[in-house]
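Asks: Sequence and predicted structure are below.
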Amino acid sequence: MYKKILIASRGEIALRIIRACRELDIRAVAVHSEADADSLHVKLADEDVCIGGPQPSDSYLNIPRIISAAEITGADAIHPAYGFLSENPHFAEVCMSCNIGWIGPAPDIMQKMGDKAVARKLMSEAGLPVVPGSDGVVENEESALKLAEETGYPIMIKAVAGGGGRGIRIIRNGDELKELFFAAGREAQTAFGDGGLYIEKFLKNPRHIEVQMFGDGNGKVVHLGERECSIQRRHQKLLEESPSPGISPSTRDRIFEYALAGARYIRYGSLGTMEFLVTPEEEIYFLEMNTRVQVEHPVTEMVTGFDLIKEQIRLASTGVSPLLDTVFSPRGHAIECRINAEDPDRNFKPTPGTITFYHPPGGPGVRVDSHLYDGYTVPPYYDSLLAKVITWGEDREEARRRMIRSLEECVIEGIPTTIPFQLWILRNASFIRGDFDTSFIDRIQQ
């Protein structure tokens, strides 16, 4: 087993990994920017190293400084968490070339699944249905126009290196395509360092369903059930739950079969997520694969009882995990709400600032993953996620009511947060019925 792990991230997920390390008797090293010197993950780590200024390019995205921190502290391995360098195959290769363990999938798999066009091709070969669209990168405007006519409007232009809902444009006619094609390419180049674009048919009102995968890299793969991720704003997830309230048992089984087939085909190793779109007619289409731990992984942990981070570390360190011999058997229902430093009344404008008072919720069936404390200053340089509140119930209604009670108990003073908006969602009649899709937020805000 590894003796010391460096966590190449920040905030609540860095703290989550530190806690897993403690339970495995592994020392944890926190790296941090100057802006995060007082962050809770820094305070609770066994060791910490400042790796640069507030801007991510000077710190959390600076590979040489992270590697230097690992070498100085004698870390056996690096956990990339999510965000920043978590899906960067070059970072994984550098770690391995420096004899530092990599807690994640193989770099070549990250490379293939990170290129959305390549991923579509591979999953099609594995027998998964993919959304109609381009077979690879669309090279120019003329090719895009021709393919769009063949596919039929509306379409979506996507960055091949995109992620987190970024790099996506919905195009409804040829004039819009002419106007936005080059702009989208420039935006993708700036955001991801790759201006490649591909085209997919725009599916109206689908559900977004993802499946938690765990594999050993040698062809042995298990799934740990699905998560419903359709409650989104601008392609960013706000609320997740498991199991999905809106798909039939037969559709659920088909999604699991596709997820297992895809992960086996590429011989996936470590934690990962296969993502699908499901139409109102319950047609299933592969969307993408995330080759990292997801923000919403606690939802799966609550209904399965497994610590996914501990098993990810155990597998990377020893090559084995009891999780690989698990038969999926969920219990109850779990819901996660993401609490962000944003003001819903001002078009979700980010609200960095100082937390003057913080009181997390508690009680039966409640979990809070957060790096907040009284007096903590939320910096303006990073993702706005403050906390994840997760509730479990014997059924969906109990989990929903517990979430309402928990958010009403949760007190974060000093800055506006999205708690009022989450409560609005939880009390919405369509949400209560489980009758929603990816257009839900747009519809209720009209």
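Replies: Yep, it's here.
Asks: show me where the stretch 151-300 of the chain has helices.
Replies: 174-192, 249-265, 297-304 (DSSP state H, counting those that start in this stretch).
Asks: Run the chain-centre distance for the helix or strand following the shortest one.
Replies: I take that to be helix 297-304. Counting by DSSP states H and E, the next helix or strand C-terminal to helix 297-304 is helix 308-318. Here the centre of helix 308-318 is set off from its chain's centre by 18 Å, with C-alpha atoms, centre = their mean, to the nearest Å.
Asks: quick one, what contacts Q189?
Replies: G195 (C-beta atoms under 8 Å, 6 or more residues apart in numbering). Any C-beta I mention is one placed from the backbone N, CA and C, and that applies to glycine too.
Asks: Going forward, count from 118.
Replies: All right, first residue 118 from here; so that's Q306.
Asks: Show me the residue at the heart of the protein, geometrically.
Replies: The C-alpha lying nearest the average C-alpha coordinate of the chain belongs to Q411 (C-alpha atoms, centre = their mean; 3.6 Å).
Asks: My read is that G302 contacts D311, right?
Replies: No. With contact defined as C-beta atoms under 8 Å, G302 does not count as touching D311 (9.6 Å).
Asks: Among the two, which residue is more densely surrounded?
Replies: Each of G302 and D311 has its neighbours counted (other C-beta atoms under 10 Å); G302 has more, 20 against 17.
Asks: Excluding sequence neighbours, find me the nearest residue to the more buried one.
Replies: Nearest residue to G302, sequence neighbours excluded (C-beta to C-beta, 6 or more residues apart in numbering): G312, at 4.3 Å.
Asks: With D500 instead?
Replies: G200 (6.4 Å).
Asks: Next, that neighbour: secondary structure please.
Replies: At G200 the chain is in coil, as set by DSSP: H, G, I helix; E, B strand; the rest coil.
Asks: The residue nearest to the centre of the chain and I536, how far apart?
Replies: Distance of Q411 to I536, given as C-beta to C-beta, to the nearest Å: 22 Å.
Asks: Same check on T390?
Replies: 26 Å.
Asks: May I have the beta-bridge partners of the spatially closest residue to the residue nearest to the centre of the chain that is not a sequence neighbour?
Replies: Leaving aside its chain neighbours, Q411 sits nearest to T390 (5.3 Å; criterion: C-beta to C-beta, 6+ apart). Under the criterion DSSP bridges, T390 forms beta bridges with Q329, N407.
Asks: Likewise for E317?
Replies: Beta-bridge partners of E317, as defined by DSSP bridges: G250, M273.
Asks: measure it to D500 for me?
Replies: Taking C-beta to C-beta, one finds E317 at 26 Å from D500.
Asks: Same question for A234.
Replies: Counting by C-beta to C-beta - A234 and D500 are separated by 26 Å.
Asks: The residue nearest to the centre of the chain: what's it in contact with?
Replies: By C-beta under 8 Å, 6+ apart, the neighbours of Q411 are 199, 327, 329, 390.
Asks: Might you list the low-confidence residue ranges for the stretch 268-417 of the chain?
Replies: Across the stretch 268-417 of the chain, the ranges flagged by pLDDT under 70 are 279-284.
Asks: All the helices of the stretch 418-563 of the chain, residue numbers only.
Replies: So, for the stretch 418-563 of the chain - with DSSP H, counting those that start in this stretch - the helices run 425-435, 513-526, 536-544, 546-550, 557-562.
Asks: Which parts of the first one count as buried, going by neighbours?
Replies: Just to be clear, that refers to helix 425-435. Using 16 or more other C-beta atoms under 10 Å as the test for burial, helix 425-435 gives 425-434.
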